[in-house]
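**Student:** let me see the structure of the following:
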Amino acid sequence: QVQLQESGPGLVKPSQTLSLTCTISGGSITTNSDYWSWIRQPPGEGLEWIGYIAYSGRTYYSASLKSRTSISRDTSKNQFTLQLSSVTPEDTAVYYCARKRTGTTSHDYWGQGTQVTVSS
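**Tutor:** Numbering: from 1, shown residues only. Predicted coordinates:
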């Protein structure tokens, strides 16, 4: 059973960089065919996919957030990290990490989510 756990600060000031880490247990970040995503849900809105890092280390980002997003990984710790720069209050959301396998249409394992508020 794969388990994902998000961690990071719950409050970030405008213009700063939001940084969150997802720790994976019960699976490996380098397992062939696995893609590890960051997804967020602003208050009162639907889910928004931010980007992923693949088992190979390749990354791919949402076009709307690409200029501000970086996803990296630490294979020794089985973790991957989201950095979102120049945040504004519109980046306030619950942030989730999740796994998707090649050939499937949805993410099958999700973290519980972590609330991040952007405010001065």
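**Student:** what about the strands in this protein?
**Tutor:** In the chain, the strands defined using DSSP state E lie at 3-7, 11-12, 18-25, 34-41, 48-54, 59-61, 69-74, 79-84, 93-101, 109-110, 114-118.
**Student:** any chance of those strands in a markdown table with mean neighbour count and mean pLDDT as columns?
**Tutor:** Bear in mind the C-beta positions are built from the backbone N, C-alpha and C, glycine included. Shown next, in a markdown table, are the strands of the chain (neighbours: other CB atoms under 10 Å; pLDDT from 0 to 100):
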| stretch | mean neighbour count | mean pLDDT |
| --- | --- | --- |
| strand 3-7 | 17 | 98 |
| strand 11-12 | 16 | 98 |
| strand 18-25 | 20 | 98 |
| strand 34-41 | 22 | 97 |
| strand 48-54 | 20 | 98 |
| strand 59-61 | 16 | 98 |
| strand 69-74 | 17 | 98 |
| strand 79-84 | 21 | 98 |
| strand 93-101 | 21 | 97 |
| strand 109-110 | 17 | 98 |
| strand 114-118 | 18 | 98 |
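**Student:** identify the residue nearest the geometric centre of the protein.
**Tutor:** The chain has W38 as the residue nearest its centroid, 2.3 Å off, counting by CA atoms, centre = their mean.
**Student:** which ones are touching that one?
**Tutor:** When contacts are counted by CB atoms under 8 Å, 6 or more residues apart in numbering, W38 is found next to L20, C22, W49, I50, G51, Y52, I71, L82, Y95, Y96, C97.
**Student:** could the residues you listed go into JSON lines alongside distance to G111?
**Tutor:** Formatted as JSON lines, the contacts of W38 follow (distance: CB to CB, whole Å):
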{"residue": "L20", "distance to G111": "10"}
{"residue": "C22", "distance to G111": "6"}
{"residue": "W49", "distance to G111": "14"}
{"residue": "I50", "distance to G111": "13"}
{"residue": "G51", "distance to G111": "15"}
{"residue": "Y52", "distance to G111": "14"}
{"residue": "I71", "distance to G111": "14"}
{"residue": "L82", "distance to G111": "12"}
{"residue": "Y95", "distance to G111": "9"}
{"residue": "Y96", "distance to G111": "5"}
{"residue": "C97", "distance to G111": "5"}
